[in-house]
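>>> One predicted model, sequence on top.
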Amino acid sequence: MKLCRRNTTEELEHLALTKWLDLHPILKDFYWHTPNGGKRNLLEAKKLKRMGTKPGIPDFTFAYPIYPYHGAYIELKRDESSKLSLHQREWMIRLLDKGYYFKVCYGAEHAIECINEYLALEKRE
């Protein structure tokens with residue numbers, strides 16, 4: 001199922017994944033997107049930092065544990081040419097080390113594959 005056009009933006013990939021997740025019978029109530037990216041003015045950026053916003057937090061959080069994982073995180077990139085930042089790599093290592101499922105996905109379709117891979121672990125218990 002093709003969710004976005006070939007020359008897409010990261011925003012469109014996020015929207016496509018969110019559309020799919022909002023229809024998912026299990027995950028629709030157990031996920032959220034963390035809006036860390038984007039351009040903000042200096043005052044807004046400082047306010048968000050004081051409120052606990054941290055650089056590199058993964059885009060999607062799934063508060064749905066499946067053994068052996070405590071939950072799942074997905075960093076969604078537009079395509080394979082997009083690279084992780086230093087902060088994103090640090091979060092990936094930190095979360096994997098603490099027992100979370102973490103995937104860097106390139107487009108909504110890849111993210112859906114990874115999410116289905118994660119959900120399939122529940123059937124193996």
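Looks like it arrived, so ask away. Numbers count the residues shown, from 1 in each chain.

>>> sec struct for the spatially most distant residue from the centre of the chain, please.
The C-alpha centroid of the chain is most remote from L43, which lies 26.3 Å away (CA atoms, centre = their mean). The three-state label given to L43 by DSSP: H, G, I helix; E, B strand; the rest coil is helix.

>>> residues in contact with it?
Contacts for L43 were tallied using CB atoms under 8 Å, 6 or more residues apart in numbering; there are none. Glycine gets a C-beta too; all of them are placed from N, C-alpha and C.

>>> any idea how far it is from M51?
Note on L43: its distance to M51, by CB to CB, to the nearest Å, is 13 Å.

>>> now do G107
30 Å.

>>> Please say which of those two ends up with more neighbours.
Per other CB atoms under 10 Å, whichever of G107 and M51 has more neighbours is G107, with 23 against 7.

>>> What backbone torsions are found at H70?
Taking degrees, to the nearest 10, you get phi -80, psi -10 for the backbone angles of H70.

>>> Find me the pLDDT at it, would you?
Per-residue pLDDT puts H70 at 96.

>>> With E122 instead?
Spelled out, the predicted local distance difference test score at E122 is 88.

>>> and it, how many neighbours does it have?
By other CB under 10 Å, the residues close to E122 number 12.

>>> what residues are up against it?
By CB under 8 Å, 6+ apart, E122 lies in contact with 66-67.

>>> Let me know the helix or strand that it is in.
helix 108-124 (DSSP states H and E).
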